[in-house]
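Enquirer: Kindly generate the corresponding structure for this input.
(2 chains)
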Amino acid sequence: RKEVEQDPGPFNVPEGATVAFNCTYSNSASQSFFWYRQDCRKEPKLLMSVYSSGNEDGRFTAQLNRASQYISLLIRDSKLSDSATYLCAVNSGGYQKVTFGIGTKLQVIP
Amino acid sequence: NAGVTQTPKFRILKIGQSMTLQCTQDMNHNYMYWYRQDPGMGLKLIYYSVGAGITDKGEVPNGYNVSRSTTEDFPLRLELAAPSQTSVYFCASALNPGAEGKRNTEAFFGQGTRLTVV
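Expert: Numbering: from 1, shown residues only, chains lettered A, B, ... in the order given. The predicted structure follows:
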């Protein structure tokens, strides 16, 4: 089993739609969880850290489910500018390594 | 504040050549990482370092070497370039990646080096 697994998509959604991505992780001792956004031919940039209590930033909501070992990202009212690849990341290996999922590609359609 | 700086941005190597990818950060982060990203694939960890003088292998270390003589610099060395090493290489740094619920746990990335081996 991979350390971090994501559905690569693509997810094609109309503007204004709500879309959700999940990401599962295998190491139950993982402590830190993140969602990154990566635009085509660019470096990943942090979108949100994911805390145990969940967190929200505008149209974006991230949640952590430790029992089932997954994190989720919900995007409400999708914009064309949300089109990108969303990578989940989990720390592992004694909390020192950061392991990334393959990324989920989102395409928001007019 | 420059963040994480990688050089060069692009490079074409011939099979068997060697080169060093440079990475420097000015955020005083202890943790630094090298990843490679192949088309349509995620980031695979090559090597990482938890501080000056300490390095460790990641998921795909074969064909690469690293050193960490200072907190700021974490160069990646390719000794005998092979076509399989054609990829985009990202360097990243983090202050405290394992601290749950605390700030400054995320990784910051450089802009990447696009390497082609022919």
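Enquirer: Could I get the full set of strands for the chain?
Expert: As the question left the chain open, I've gone with chain A. Assigned by DSSP state E, chain A shows strands spanning A:4-6, A:11-14, A:19-25, A:33-38, A:45-50, A:55-57, A:60-65, A:70-75, A:84-92, A:97-100, A:104-109.
Enquirer: Can you look at chain B instead?
Expert: Under DSSP E, chain B gives strands at B:4-7, B:10-13, B:19-25, B:31-37, B:43-51, B:54-57, B:64-66, B:76-78, B:87-94, B:107-109, B:113-117.
Enquirer: circling back: of the strands of chain A, which is nearest B:Phe74?
Expert: Each of the strands of chain A has some distance to B:Phe74 by Cβ to Cβ; the shortest is strand A:97-100, at 14.4 Å. (Glycine included, C-beta is placed from N, CA and C.)
Enquirer: one step back: can I get the strands of chain A in JSON lines with mean pLDDT?
Expert: Formatted as JSON lines, those follow (pLDDT from 0 to 100):
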{"stretch": "strand A:4-6", "mean pLDDT": "93"}
{"stretch": "strand A:11-14", "mean pLDDT": "96"}
{"stretch": "strand A:19-25", "mean pLDDT": "95"}
{"stretch": "strand A:33-38", "mean pLDDT": "94"}
{"stretch": "strand A:45-50", "mean pLDDT": "91"}
{"stretch": "strand A:55-57", "mean pLDDT": "91"}
{"stretch": "strand A:60-65", "mean pLDDT": "95"}
{"stretch": "strand A:70-75", "mean pLDDT": "96"}
{"stretch": "strand A:84-92", "mean pLDDT": "90"}
{"stretch": "strand A:97-100", "mean pLDDT": "86"}
{"stretch": "strand A:104-109", "mean pLDDT": "96"}
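Enquirer: Could you list the contact residues of chain A toward chain B?
Expert: For chain A, the residues in contact with chain B (Cβ under 8 Å from any Cβ of the partner chain) are A:6, A:8, A:31-32, A:34, A:42-46, A:49, A:51-52, A:87, A:89, A:91, A:94-103.
Enquirer: Just confirm B:Thr116 contacts B:Pro8, I think it does.
Expert: No: using Cβ atoms under 8 Å as the test, B:Thr116 is too far from B:Pro8 to be in contact (12.0 Å).
Enquirer: Could you find the closest non-adjacent residue to the most centrally placed residue in chain B?
Expert: Among the residues of chain B, the one closest to the centroid is B:Trp34, at 2.3 Å (Cα atoms, centre = their mean). With Cβ to Cβ, 6 or more residues apart in numbering or on different chains as the criterion, B:Trp34 has its nearest non-adjacent residue at 4.4 Å, and that residue is B:Ile46.
Enquirer: who in chain B is up against chain A?
Expert: Residues of chain B lying near chain A by Cβ under 8 Å from any Cβ: B:31, B:33, B:35, B:40-43, B:45, B:48, B:50, B:56, B:58, B:90, B:92, B:94, B:97-101, B:105-112.
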